[in-house]
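Undergrad: make a model of this:
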Amino acid sequence: MASMTRRCAMFTCLAAVLALAALAAAVENGGGANWHVVSVSSLLPSAACGTAEKAASNSSFLSVVHRHGPCSPLLSRGSAPTHAEILDRDQERVKSIHRKHHGSSKTNPADASKGVSLPAYRGLSLGTGNYIVSVGLGTPARSFSVVFDTGSDLSWVQCKPCNNCYEQQDPLFDPAQSSTYSAVPCGARECQELGTQGCSEDNKCRYEVVYGDQSQTDGNLARDTLTLAPSEALTGFVFGCGDDDSGLFGKADGLVGLGRAKVSLASQAAAKYGAGFSYCLPSSSSATGYLSLGAAAPANAQFTSLLARRDTPSFYYVNLVGIKVAGRAIKIPSTVFNTAGTVIDSGTVITRLPDRAYAALRSAFAGYMGKYKKAPALSILDTCYDFTGYKTVQIPSVALVFQGGATVSLDFGGVLYLSRVSQACLAFASNGDDTSIGILGNTQQKTFAVVYDVGNQKVGFGAKGCS
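TA: Numbers count the residues shown, from 1 in each chain. Next comes the predicted model:
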């Protein structure tokens, strides 16, 4: 080690020596707070569905599963997309967020103050998500498996009669079979708040949502009873009854929106459960997490301010201020994160960072990974490694630092995205510039209890939240 130091440029080589020394210490000590040491055999998800990681703690508790995993009621053998396809679709969602942010930032401030900066639902939503829950709709209640998404507001299911519906797992919702169903008329407050101009000949409020991947749903705005548990229901729940739907929804029966708008499930449930919600996304696609209405938080949750912007009112913003690798803060000017801000989003898979922040993270991370063979890039992921032949691997920890000091040390699965043992990639990507909005994706949120305390304008992260 001493001879290597003499042959190298002083600062560059010193950093490498320190990294190697730290890695050696980590291996000797079996890991540590700044390192992940894991068995390679444990990296890939099981082909069988595991038991629920957390028991129901309140009446609004819903089980969350990955739509493409063995726990999913939508799973059809051979139908799951490849990792490259998932990441390519993820990029389309990110482009939607960036278009919405950049488009709204160019709107005339006078128009924005009048609430006309963007059509409320035409082109607003972002794409189809990755996690699903099962809810009941109508009286008597029928069960539906729907995607949940913090980047969307309107909840919807496909309904009879349908002019153009994609194939879904369950029979379509039939309004005629529900004694509590009613269509929302065009003059109703909910229709006006939706921002839609559509009105049918029989005075029914029409909605349209076009997603970033060009999937879409059109139909009637309606009310009915939403059942969360056998003894828990929301009467008069406003949702979309889709009769013209197409795109990349898989076999999901619809979507539940958890955005900030009044029409979202979170907002409609606030009077009963409190202003907020929480979830824990499972550690792998073969495990189970939860979604719960209300803002109950675990004792270990660390909180940061939850921010809002008038130009993109449905998004949940946070202030990311720094990143640590192996316990050491990497050098990123504070202005890099402040320029565009950061959205926390359940539907985006991979966290997107400003280009300078990503470059600093990639460089620091790669400095500790020299012992592993490089692997080809995977779609948007450009820093990949081949773990073939290893029984255990050691990687440096990555922690995200938020305003107020909340420090979220990511699980192994939040640091590396594995398509296979021979291709494990740093689970972050660059925005390609320093002006596009940053996004905290669901890969980095996995295993944390993520608490959206909307009433107190804060969001919390509790480690080991699914257990």
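Undergrad: would you map out the domains in this structure?
TA: What the TED database lists as the domains of the chain is 116-273, 301-462.
Undergrad: for residue 149, see how far away the nearest residue to residue 100 once chain neighbours are set aside is.
TA: Among residues not flanking residue 100 along the chain, residue 312 sits closest, at 6.1 Å (CB to CB, 6 or more residues apart in numbering). C-beta coordinates here come from the backbone N, C-alpha and C atoms, glycine included. According to CB to CB, to the nearest Å, residue 312 stands 15 Å off from residue 149.
Undergrad: please identify which of those two sits among more neighbours.
TA: Between residue 312 and residue 149, residue 149 has the larger neighbour count (other CB atoms under 10 Å), namely 27 against 21.
Undergrad: residue contacts, the closest residue to residue 378 other than its chain neighbours?
TA: Nearest in space to residue 378, with sequence neighbours left out and distances taken as CB to CB, 6+ apart, is residue 425 at 5.2 Å. Residue 425 is in contact with 375, 377, 378, 381, 382, 383, 384, 385, 416, 417, 418, 419, counting by CB atoms under 8 Å, 6 or more residues apart in numbering.
Undergrad: mind checking which of these land in strands?
TA: With strands defined by DSSP state E, the entries of the contacts of residue 425 inside them are 375, 384, 385, 416, 417, 418, 419.
Undergrad: from these, which single one is nearest residue 175?
TA: The nearest member of those to residue 175, counting by CB to CB, is residue 417 at 41.6 Å.
Undergrad: contacts only, for that closest one.
TA: By CB under 8 Å, 6+ apart, the contact list for residue 417 reads 83, 350, 378, 381, 424, 425, 426, 427, 443.
Undergrad: of the domains of the chain, which approaches residue 98 most closely?
TA: With CB to CB as the criterion, residue 98 lies closest to domain 301-462 of those, at 4.8 Å.
Undergrad: quick check: the residue nearest to residue 378 is in a helix.
TA: No. Applying DSSP: H, G, I helix; E, B strand; the rest coil, one finds residue 425 to be strand, outside a helix.
Undergrad: beta partners of it?
TA: residue 384, residue 417 (DSSP bridges).
Undergrad: how near is it to residue 199?
TA: For residue 425, the distance to residue 199 (CB to CB) stands at 49 Å.
Undergrad: mind checking pLDDT for the residue nearest the centre of the chain?
TA: In the chain, the residue lying closest to the centroid (CA atoms, centre = their mean) is residue 346, at 1.7 Å. Residue 346 carries a pLDDT value of 92.
Undergrad: then residue 311?
TA: Note for residue 311: predicted pLDDT of 81.
Undergrad: tally of neighbours for it?
TA: By other CB under 10 Å, 16 other residues sit near residue 311.
Undergrad: before we move on, what SS does it have?
TA: When classified by three-state DSSP, residue 311 comes out as coil.
Undergrad: same check, this time on residue 148
TA: Once three-state DSSP is applied, residue 148 turns out strand.
Undergrad: mind putting the ones in strands among the contacts of residue 425 into a markdown table with pLDDT?
TA: Below are those laid out as a markdown table (pLDDT from 0 to 100):
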| residue | pLDDT |
| --- | --- |
| 375 | 98 |
| 384 | 98 |
| 385 | 98 |
| 416 | 97 |
| 417 | 95 |
| 418 | 93 |
| 419 | 93 |
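Undergrad: and which of these is nearest residue 206?
TA: Among the ones in strands among the contacts of residue 425, and counting by CB to CB, the member closest to residue 206 is residue 417, at 39.9 Å.
Undergrad: isn't residue 376 up against residue 422?
TA: No. Assessed by CB atoms under 8 Å, residue 376 is found out of contact with residue 422, at 9.3 Å.
Undergrad: follow-up on the earlier one: quick one, what contacts the residue nearest to the centre of the chain?
TA: Taking CB under 8 Å, 6+ apart as the contact definition, residue 346 lies against 129, 131, 148, 149, 150, 151, 258, 279, 281, 442, 445.
Undergrad: CSV for those, including distance to residue 306 and pLDDT?
TA: Listed next are the contacts of residue 346 as CSV, based on distance: CB to CB, whole Å; pLDDT from 0 to 100:
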residue, distance to residue 306, pLDDT
129, 20, 62
131, 21, 90
148, 18, 89
149, 17, 91
150, 12, 93
151, 15, 88
258, 13, 95
279, 15, 96
281, 18, 94
442, 18, 95
445, 15, 96
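Undergrad: of these, which pair is most distant in space?
TA: So, these by CB to CB: farthest apart are 151 and 281, at 14.4 Å.
Undergrad: does residue 282 touch residue 65 like I think?
TA: Yes. Contact criterion CB under 8 Å: residue 282 and residue 65 qualify, at 7.1 Å.
Undergrad: cool, thanks, talk later.
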